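> predicted model, plus sequence, below.
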Amino acid sequence: MKYILLLIPCVAALVVPFYNSVEPQLFGFPFFYWYSLLVVPVSVAFIYAASTFDSQKSGGSK
Amino acid sequence: MIDHLNWTATIVFVGFFALVTIMGFLASSWKSGDLSQINEWGLGGRQFGSWITWFLLGGDLYTAYTVIAVPALVYAIGAYGFFAVPYTVIVYPLIFLIMPRLWNVSARKGYVTAGDFVYGRYGNKGLELAVAVTGLVATMPYIALQLVGMEKVIQALGFHGEGWLEHVPLTVAFLILALYTYKSGLRAPAMIAFVKDIMIYIFVVAAVIIIPYELGGFGAIFDAASKVFEAKVAAGAAANPPVKVAAGIVLTQSQVVPFITLAIGSAMALFMYPHSLTGVLSASSAKAIRTNAMTLPAYSLVLGLIALLGIMAHAAGIKVTNPQDVVPQLFLKMFPEWFVGFSFAAIAIGALVPAAVMSIGAANTFTRNVWRPFVNSNMSAEQESGLAKFISLIVKVGALAFIFFMPTKYAIDFQLLGGVAMIQIFPAIVFGLYTRRIHGTALLLGWLAGISLGIYLAYSPPNWVPVWSTGLGFSVYIGLLAVSVNAIVSVVLSFILPNSGADETMPHDFEDDPALHKAPHLHEPEPIL
């Protein structure tokens, strides 16, 4: 499970054909740019989820 | 020489520079330790908590050269330069997984460098040397590029000299840096990183609010840049003979695979560099590293915003022949002089932190993995620290010589090759953190195969190029291709060759030890026999 959680942001960052377009725009940003930037905070959420998963598994001792 | 100097900006610039110089020297008594020990001088005593590690690694990885080069690439060809964002996204899940293991085993066994770990794990001096030399060779041009970044902003302040006089401010700045690094070790860049990172955050936030406000919003900025790229492609097609220019506000089809493979390869290489590992190993616990895997992406966001400066420059009508001048020129055009001085100081100080950590990482590597195993195996901890201090000076003089005697293009080429080389120690480190089934000798031969293939593919006379055309209609990043071959060779040969070489680590050495968190202050272990 931990590995899947960590893999998701990597896949999200690397599915370039999916986000390589101008539309839909957001605040004047082409999709390519706002999506790339959005993946950064999303990746943090997934790493955080992986870390809570980790500490639960070890009995919350960390 | 100083006829066209921008005085207001220069005074602010020099003021901030003086501030960090004082901090650099005072740092020697911060979190005091016996600096005659390499563990203290070269790793700050392994006692930096989450916050200090965040500033130090952030300052160390997101360098002055990045601030200059990433927007330069975006300015020149558009979306492709944005590979830096997915690259710095995928690096953190990787760090979260592997680096706590490396920290644990290093803290327990007293490892200071990647080479230390490789020798402890595989008992193979050849592999240790290969890992060390790779790190040294890749680091030198990287330091030189920090100087390039610094010199760009000094020139933009209006300083111009003839011949060697051109490099006077840079030399002075670097000598000061060399002296306080010599005195304070890793504590100096760790302390300066606070100032540097806060300054960078201020200038980036100001830039992404004020510049779009002045230029009519992000929509207008992207439209303007888009037109410039279209004109560039059209001009290439109209030229005689026609030149196919790959540039645009989004990626062209031919850029997609290079973009992806470059992001993956760069992420794998980043934490193999001696300066990254120095930052990681100086943390006080494995937990501090995990926390940083969640907090360091803040810098990735900043890097993405910095990359946008390359787009903004088109909207602001900045025309430069050398794209590396684009950030300084944009700032000169858009901001009042005092803020230009502040921003340029942020970039210059942004060069000092990584340059210091890189020279310390290289010095630790040379001392522990070249000098100790091959020249003098009976060094005391004091002798080790003394040698490392001395080597840190040599490394900086070497980087300065690079700038004095070679065209900048060579530094860029070597840095590019350095990345292709650096990724080749990935199998030895990462396999080693999880299994001992892959053999030292096999990894050494895999390394040799990867390095040779990488250099061979990268040389396309008269240039060095990072991508190789597969002949199937797409190109791939050479580093990633070469490391795949490297890993395959290592695994296959491990079935054939005998598994010789001692392993001094135990499986539990890689796991977190709750007791260790209470006693983070470790000293050198017994010498490795």
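Noted; the coordinates are in hand. Residues are numbered from 1 along each chain as shown, chains lettered A, B, ... in the order given.
> quick check: pLDDT value at the closest residue to chain A within chain B.
When scored by C-beta to the nearest C-beta, chain B has B:Gly219 as its residue closest to chain A, at 3.0 Å. Just so you know, the C-beta spots here come from the backbone N, C-alpha and C atoms, and that holds for glycine as well. Reported pLDDT at B:Gly219 in the predicted model: 87.
> so it is in which element?
helix B:217-238 (DSSP states H and E).
> can you name every helix or strand that that helix contacts?
The elements that helix B:217-238 packs onto, with contact taken as 3 or more C-beta pairs under 8 Å, 6 or more residues apart in numbering or on different chains; DSSP states H and E, are helix B:187-215, helix B:297-315.
> make it 6 Å
Counting contacts by 3 or more C-beta pairs under 6 Å, 6 or more residues apart in numbering or on different chains; DSSP states H and E, helix B:217-238 packs against helix B:297-315.
> and the helix it packs on, what does it pack against?
Packing partners of helix B:297-315 (3+ C-beta pairs under 6 Å, 6+ apart): helix A:31-57, helix B:64-77, helix B:84-109, helix B:187-215, helix B:217-238, helix B:326-334.
> B:Ile394 is nearest to which of these?
helix B:187-215 (17.6 Å; C-beta to C-beta).
> what ranges does the stretch 351-500 of chain B have for its helices?
With DSSP state H, counting those that start in this stretch as the criterion, the stretch 351-500 of chain B has helices at B:372-374, B:381-405, B:408-422, B:426-434, B:440-458, B:478-496.
> closest residue of chain A to chain B?
Closest point on chain A to chain B, by C-beta to the nearest C-beta, is A:Gly28, at 3.0 Å.
> distance from the chain centre to the next helix or strand after the helix holding B:Gly219, please.
Counting by DSSP H and E, the next helix or strand C-terminal to helix B:217-238 is helix B:256-270. Remark: helix B:256-270 is offset 15 Å from the chain centroid, using C-alpha atoms, centre = their mean, to the nearest Å.
> next helix or strand past helix B:256-270?
Using DSSP H and E, the next helix or strand after helix B:256-270 towards the C-terminus is helix B:274-281.
> what residues does that next one touch?
Residues from elsewhere that reach helix B:274-281, judged by C-beta atoms under 6 Å, 6 or more residues apart in numbering or on different chains: B:43, B:56-57, B:60, B:99, B:106, B:114, B:135, B:139, B:270, B:357-358, B:360-362, B:365.
> restrict the following helix or strand past that helix to CA atoms and write it as PDB.
Using DSSP H and E, the helix or strand that follows helix B:274-281 towards the C-terminus is helix B:286-295. Coordinates of each C-alpha in helix B:286-295 appear next as PDB, following Å, rounded to 0.1, in the frame of the first residue of the first chain:
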ATOM      1  CA  ALA B 286      15.800   9.200   9.800                       C
ATOM      2  CA  LYS B 287      12.600  10.900  10.900                       C
ATOM      3  CA  ALA B 288      14.000  14.300  10.000                       C
ATOM      4  CA  ILE B 289      14.600  13.000   6.400                       C
ATOM      5  CA  ARG B 290      11.100  11.600   6.100                       C
ATOM      6  CA  THR B 291       9.700  15.000   7.300                       C
ATOM      7  CA  ASN B 292      11.800  16.700   4.700                       C
ATOM      8  CA  ALA B 293      10.500  14.500   1.900                       C
ATOM      9  CA  MET B 294       7.200  16.100   2.600                       C
ATOM     10  CA  THR B 295       8.400  19.700   3.200                       C
END
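> near chain A at all, helix B:286-295?
Yes. Judged by C-beta under 6 Å from any C-beta of the partner chain, helix B:286-295 comes into contact with chain A at B:Arg290, B:Ala293, B:Met294.
> skip the chain neighbours and tell me the closest residue to B:Arg437.
Residue nearest to B:Arg437 in three dimensions, not counting chain neighbours: B:Ser494, with 6.4 Å by C-beta to C-beta, 6 or more residues apart in numbering or on different chains.
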